[in-house]
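Student: just the structure for this:
(one chain, ligands or ions: 1)
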Amino acid sequence: MGVLNRLLVTGLRMVPKAIVHRFAKRYVAGATLDQAIAKVRQLNDLGAMATLDVLGEEVTEAERARAFTEECVRVLEAIDREGIDSNLSIKPTMFGLGIDEALCHENVERIVARAGELGNFVRIDMEDATTTDATLRIYRDLHARYGNVGCVLQAYMRRTVDDVGALPAEGANVRLCKGIYIEPRRIAWKGYETVRHNFVAALEKLIVRGAYVGIATHDEYLACAAEALIDRHGLPRERYEFQMLLGVDEELRDLLIARGHRMRIYTPYGSEWYAYSMRRLRENPEIAGHVAKAALGRS
Ligand SMILES: Cc1cc2nc3c(=O)[nH]c(=O)nc-3n(C[C@H](O)[C@H](O)[C@H](O)COP(=O)(O)OP(=O)(O)OC[C@H]3O[C@@H](n4cnc5c(N)ncnc54)[C@H](O)[C@@H]3O)c2cc1C
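Tutor: Numbers count the residues shown, from 1 in each chain. Predicted structure coming up:
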């Protein structure tokens, strides 16, 4: 990233929300569940599946965590009622992980149990490194008791290849991504190529161990490496899917679908769109530049 782009990305916080919204709306399905369902229908028509995500950051009150839990149950019921092809992704800190692991476990269990009744699936996203152990504990327990739940491993974490080895031997379902939080070098690989290398190593180990894998990346190099592994291990279509974020590199999305791979689009919605959109814009300096120009034009 060039120096100018770095400055633009840093300056995003000062841009009025209305301008950020104009550029960020491609990353978010809308503020309401109805808008999210309409977006999922569009994705389904394009040949992609979805995973819905209710936007929200870390929750510090148990009551709010319970409210998010009930909202997720409503999402699962809407998916079932509307007959759309989507599962659900959830962030543990929205369900009380920062308050008490047992509370979070109880809330996530309610969601997974309801999903099970409806024949659906829940993916537990991975957040920063302070949450990794607790998140994997919750995942392992619910996977053993319900089955219809998956976790996420991050290729930038040094522990990831070992974590693959510690997954349930039967039916593990793992999304593999690079990882988005800023972690210390003590625990996380830092080089761009090093993270790619660890992604490929972890992906191969997941395939060999028999896990179902969600290959979550927009990095063409990794899509290419994944195709080579799929081919080398003769992985059938029902053992993996590619996953991408809404609004990011739709050309690569369509190319992978056209090549016969299953594709799932992470589709966030909700009133708390701002923090999520800022993270996405920070990952894309070109768009950050347009946002800054629009803000300057306005002022
Ligand atoms: C479905 C899905 C679920 C995820 N879940 C998690 C999770 O649970 N925990 C977690 O820590 N991280 C998660 N991530 C984020 C992930 O860890 C990475 O931060 C992010 O995907 C960028 O990595 P990349 O592999 O796409 O490679 P990069 O090298 O970052 O990007 C590859 C290419 O895609 C382009 N690109 C990347 N982001 C954008 C963008 N926002 N707009 C436009 N172009 C972009 C880049 O410019 C580059 O050309 C998830 C990602 C996906 C796709």
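Student: got the residues of the stretch 151-299 of the chain near the ligand?
Tutor: 152, 154, 175, 177-181, 216-219, 243-245, 248-249, 266, 280, 283-284 (CB under 6 Å from any ligand atom). To be clear about C-beta, it is placed using only N, CA and C from the backbone, and glycine gets the same treatment.
Student: next SSE downstream of the helix ranked longest in the chain?
Tutor: Ordering each helix of the chain by length in residues (DSSP state H) puts helix 62-82 first. Note on helix 62-82: by DSSP states H and E, the next helix or strand toward the C-terminus is strand 86-90.
Student: direction included, what does that next one pair against?
Tutor: Counting by DSSP bridges, the strands paired with strand 86-90 are strand 49-54 (parallel), strand 122-124 (parallel).
Student: list of residues touching the shortest one?
Tutor: Residues from elsewhere that reach strand 122-124, judged by CB atoms under 8 Å, 6 or more residues apart in numbering: 51, 87-90, 92, 108, 111-112, 115, 135, 138-139, 148-152, 173, 175, 214.
Student: A strand includes residue 244, no?
Tutor: Yes - counting by DSSP: H, G, I helix; E, B strand; the rest coil, residue 244 is part of a strand.
Student: neighbours of it, how many?
Tutor: 21 (other CB atoms under 10 Å).
Student: who touches the residue lying closest to it once chain neighbours are set aside in this structure?
Tutor: Closest residue to residue 244 apart from its sequence neighbours, by CB to CB, 6 or more residues apart in numbering: residue 253 at 5.3 Å. Going by CB under 8 Å, 6+ apart, residue 253 touches 48, 244, 263, 265.
Student: excluding sequence neighbours, find me the nearest residue to residue 86.
Tutor: residue 50 (4.0 Å).
Student: and residue 99, how far from residue 106?
Tutor: 11 Å (CB to CB, to the nearest Å).
Student: could you do residue 165 as well?
Tutor: Counting by CB to CB - residue 165 and residue 106 are separated by 29 Å.
Student: ditto for residue 115
Tutor: 15 Å.
Student: again, but for residue 228
Tutor: The value you get for residue 228 to residue 106, if CB to CB is used, is 42 Å.
Student: who's more crowded, those two?
Tutor: residue 106 (16 against 11).
Student: now name the helix or strand holding residue 229.
Tutor: helix 220-232.
Student: in that helix, which residues are buried?
Tutor: 222-223, 225-226, 229-230 (16 or more other CB atoms under 10 Å).
Student: OK, contacts around residue 172?
Tutor: 143, 150-151, 206, 209-212.
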